[in-house]
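Peer 1: Build me a model from this:
(chains A and B)
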Amino acid sequence: MAPQGDSFQRRVGVEHLLVDRDLRIVSLSEGAPCFAEDPASAVPGEDVRLGFPEFVGAERDLLDLLLGQRLSWSLTAVCRSRVDGELIYLDISAESFRKSGDATPSLVITLEEVTMWMEQILARTQTANDASLLLHSLTASKKYIENILDAMADLLVVTSPDGIITSVNRTALRLSEYATPELLGKPITLLVPDLPLEPAFTDSSHPSHVELHCITRSGSAVPMSFTGALLEGSGENPGGVVYVGRDLRERHEAQDYISKLETEKRSLQNVLTDQGDSGGAVWAAHSMEQLMSNLLKVAPTDTTVLINGETGTGKEVVARAIHRASQRQDKMLVTVNCASLPEGLVESELFGHEKGAFTGAIQRRIGRFELADGGTVFLDEVGELPLAAQSRLLRVLQEQQFERVGGTQTVKVNVRVIAATNRDLSEEVRNGRFREDLLFRLNVFPLTVAPLRERRADIIPLAEHFLKLYGRRTNKRALSIGPEAREKLLRYSWPGNVRELANAIERAMIVCEGNRLEESDLALVEIAQNAPKVASNFDEVARTHIMQVLEECGGVIEGANGASVKLGLKPATLRSRMKRLGIARTRGGFEAQPPRP
Amino acid sequence: MILAKICVLGDISVGKTSLIRRYVDREFSDAYLSTVGVKISRKFVKLAGVHDESPREIQMVLWDLEGGSTFHDVSESYLQGAHAAVIVGDLTRLDTIDRIENHLDHFLKVNPRAWAVVALNKSDALAEKPDLSSNSWDSRKAVIQTMCTSARSGGGVDRLFEEIGMHLISEHTDGPAR
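Peer 2: Coordinates of the predicted model:
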């Protein structure tokens, strides 16, 4: 902190010298020779020690200052004769200063005459000992306050009531790139051209922050937040204004970064939403209507949902529909495919890790559960989770908390879990591959997505949906499905479910030459022949057979052309069997209904 | 030219300022004005070293420190970088002589490679020459000489500073003596 006025009138005169590393004077202020013991020696090019004997013996300290090994050097109340024989008291300080473009720094030496201040001390004390006590007490207090102000991360500038800089702290020098003598005595507007000088800004009862630019010595504009406060004068002290400025560059950078991340997040959410729409829930089948009805009931709650279904039936679409219909829709839906995670990294991926938790953990990383805090985690293929991760997942489900791998701090989250599997988890429990207690926790609200062969009414609506979707991508918007192609789609067993249907439509659109998909565009027979579906039990065989016969008979049960005749059953028996097997009539035909939860 | 910072230390009113005034300005005054802070004086001398025929120019910057300061942090900033010290005691006040070693310790703590000369001042006030054969600081390597001085009469004052000058020349010729 450069010297400033206090209750004693100290600022009689301040002069400056610029000195090079050989202690030769580079330049000096006009009045500086008056403070020299020999003014003839106080000229540029001369050794500063000739005119100013106080620098004899200080060579090492000044060199350390130039080398940056010390921050400041100062002497207080040094008494010496002037050339006219008069005694003067000086406060002397030095600081390192590098002009832009200079290869080596110079020393800026500030000489402040404090003779009047010393005279006032002597006048206010009875003995030299008291004077000494007062001098050193004041000096120690001043140094103490200066050290505190210099340690501030904020810029601090004190001005006279008319806006002339009387004091600056070290941060002000660092930020502005000026040396003390370049600022003292100059108007504050040199640093902050737009600073409001009206009294309202410095009204300490209503402190206000103003964002302005501080102009550095090299002309850069540093965004800063300024406050001002009046320093009341008393007696010989005229008072002034203290301005405190906070560098906003880091805050602005952080705000820009956050804004960029928010934009990215919105963009990613849009991508996810688009994907959701493109693979969105399209159905006509009664079984799906029931599923969607249950979905809408469970979605607004925080209940854990377990989605069962064969591969490709659209379990993720259902999970996304639950998230979008929930109160968490504005937060993240984080999808984790448990089967795709390397076994050694499953826990780290789900729960994160601390720096150094294992080889390669070079920095702390948050896991999927932490990422989804406030939102939803969709654990696809949950049956593939290793047992160790299963126990940690159980704790998250029970307590909503966990520790990062290698960490001891408990992380609390608010996450809804939706899990999906194509495995029979009860069977997995029996085989010791899945924790029974975890199954109970996951299976709070099971939803089953029926395979496509059991909801044939969905085949054509889905095919038309994919036709539209891929039409936008391939620029073939006017395509339709010919009657024979429709027949073929309905006859096929779809072992790969909706995913296979989507792929079949995409392929057909590529090979299609007209405006209508024809039977020949659909390469389904070979696939069906190559991959016959084997039913898992007798009921399924019966269900599939009855449904095929019903469709062949156009849904007619009784009469000569009815399904009961073809099946060799009485109509009442057929109806009873259909009910038992969950076969229901829909607008497009028949389908199997999943068991109710 | 040899530039040297010499600090003059000692209890209050032992005659530090008077010794410097006698040496630099060739003056003495009975009017006692206690020093507040530090006062700097400069003396140019030409001296020939013991082994050197041609005289050397020496610029001694003498730092007259206030006596008996309890503000060691402040006085340390005054002591820093000194080449040598004159530790002054008052022969008429034995307690000031007892504290010479304290001043010496304080000085050497700040400047461990420096050296000192002890000046036992106000010798004119004694009827008999004091016995200087057994002083506690004699065993200290940093003390190169103990001398009786009188700022009032000028006795021993020039010799005291000449001794310092000779030592500075030998240091510059041979490197630091210690």
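
Peer 1: So which residues of chain B form strands?
Peer 2: Counting by DSSP state E, chain B has strands at residues B:2-10, B:38-47, B:56-65, B:84-90, B:115-121, B:143-148.

Peer 1: Redo those strands as CSV? Include mean pLDDT and mean neighbour count.
Peer 2: Any C-beta I mention is one placed from the backbone N, CA and C, and that applies to glycine too. As requested, these are exported to CSV (pLDDT from 0 to 100; neighbours: other Cβ atoms under 10 Å in any protein chain shown):
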stretch, mean pLDDT, mean neighbour count
strand B:2-10, 93, 24
strand B:38-47, 90, 18
strand B:56-65, 92, 21
strand B:84-90, 95, 26
strand B:115-121, 94, 26
strand B:143-148, 91, 18
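
Peer 1: Would you mark the buried spots in stretch A:399-412?
Peer 2: For stretch A:399-412, the neighbour count (16 or more other Cβ atoms under 10 Å in any protein chain shown) marks A:400, A:402, A:404, A:405, A:407, A:411 as buried.

Peer 1: Pick out the most distant pair among those residues.
Peer 2: The most widely separated members of the buried residues of stretch A:399-412 are A:400 and A:405, with 18.1 Å between them, by Cβ to Cβ.

Peer 1: if we can go back for a sec, in a markdown table: the strands of chain B, plus distance to residue A:254.
Peer 2: Shown next, in a markdown table, are the strands of chain B (distance: least, Cβ to Cβ, whole Å):
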| stretch | distance to residue A:254 |
| --- | --- |
| strand B:2-10 | 51 |
| strand B:38-47 | 50 |
| strand B:56-65 | 52 |
| strand B:84-90 | 56 |
| strand B:115-121 | 58 |
| strand B:143-148 | 63 |
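
Peer 1: show me what contacts the most centrally placed residue in chain B?
Peer 2: For chain B, the residue lying nearest the average C-alpha position, counting by Cα atoms, centre = their mean, turns out to be residue B:86 (1.7 Å). Residue B:86 makes contacts with B:6, B:7, B:8, B:9, B:16, B:19, B:116, B:117, B:118, B:119, B:160, B:164, as judged by Cβ atoms under 8 Å, 6 or more residues apart in numbering or on different chains.

Peer 1: if you set the cut-off to 7 Å instead, what comes out?
Peer 2: By Cβ atoms under 7 Å, 6 or more residues apart in numbering or on different chains, residue B:86 lies in contact with B:6, B:8, B:117, B:119, B:160.

Peer 1: ok, so of these, who is nearest chain A?
Peer 2: Of all the contacts of residue B:86, residue B:6 has the smallest distance to chain A: 9.0 Å, by Cβ to the nearest Cβ.

Peer 1: near chain B, which residues of the stretch 1-150 of chain A?
Peer 2: Residues of the stretch 1-150 of chain A lying near chain B by Cβ under 7 Å from any Cβ of the partner chain: A:37, A:49, A:53-54, A:56-58, A:60-61, A:75-80, A:122, A:128, A:131-132, A:135-136, A:139.

Peer 1: Show me the residues you listed that map onto helices.
Peer 2: Per DSSP state H, helices hold the following members of the residues of the stretch 1-150 of chain A next to chain B: A:49, A:60, A:61, A:122, A:128, A:131, A:132, A:135, A:136, A:139.

Peer 1: Against chain B, how distant is residue A:469?
Peer 2: Residue A:469 is 81 Å from chain B, where distance means Cβ to the nearest Cβ, to the nearest Å.

Peer 1: Same question for residue A:88.
Peer 2: From residue A:88 across to chain B, the span is 11 Å (Cβ to the nearest Cβ).

Peer 1: my guess is that residue meets residue A:114, correct?
Peer 2: No. The pair residue A:88 / residue A:114 is not scored as a contact, 8.7 Å apart, by Cβ atoms under 7 Å.

Peer 1: And the helices in the stretch 101-250 of chain A, which stretches?
Peer 2: With DSSP state H, counting those that start in this stretch as the criterion, the stretch 101-250 of chain A has helices at A:115-124, A:128-151, A:170-176, A:180-183, A:249-278.

Peer 1: one step back: show me what the residue nearest to the centre of chain B is bridged to.
Peer 2: Bridge pairing for residue B:86 (DSSP bridges) gives the partners residue B:8, residue B:117.

Peer 1: Roughly how far does it sit from residue B:2?
Peer 2: Separation of residue B:86 from residue B:2 (Cβ to Cβ, to the nearest Å): 17 Å.

Peer 1: cool, and residue B:57?
Peer 2: Per Cβ to Cβ, residue B:57 is found 7 Å from residue B:2.

Peer 1: Pretty sure residue A:510 sits in a helix.
Peer 2: Yes. Per DSSP: H, G, I helix; E, B strand; the rest coil, residue A:510 lies within a helix segment.

Peer 1: and the closest residue to it other than its chain neighbours, what pLDDT?
Peer 2: Distances taken as Cβ to Cβ, 6 or more residues apart in numbering or on different chains put residue A:474 closest to residue A:510, at 7.2 Å, once the chain neighbours are dropped. Note for residue A:474: predicted pLDDT of 72.

Peer 1: how about residue A:304, what does it touch?
Peer 2: Applying Cβ under 7 Å, 6+ apart, one finds that residue A:304 lies in contact with A:397, A:417, A:441, A:442, A:444, A:445.

Peer 1: Selection in ChimeraX covering whichever of these are buried, please.
Peer 2: In ChimeraX, this line selects whichever of these come out buried by 16+ other Cβ under 10 Å:
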select /A:397,417,441,442,445
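
Peer 1: Out of the contacts of residue A:304, list just those in strands.
Peer 2: Using DSSP E, the subset of the contacts of residue A:304 located in strands is A:417, A:445.

Peer 1: how about JSON lines for the contacts of residue A:304, with distance to residue A:246 and pLDDT added?
Peer 2: Shown next, in JSON lines, are those (distance: Cβ to Cβ, whole Å; pLDDT from 0 to 100):
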{"residue": "A:397", "distance to residue A:246": "45", "pLDDT": "90"}
{"residue": "A:417", "distance to residue A:246": "44", "pLDDT": "95"}
{"residue": "A:441", "distance to residue A:246": "50", "pLDDT": "93"}
{"residue": "A:442", "distance to residue A:246": "51", "pLDDT": "94"}
{"residue": "A:444", "distance to residue A:246": "51", "pLDDT": "93"}
{"residue": "A:445", "distance to residue A:246": "52", "pLDDT": "94"}
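
Peer 1: Kind regards, and thank you for your time.
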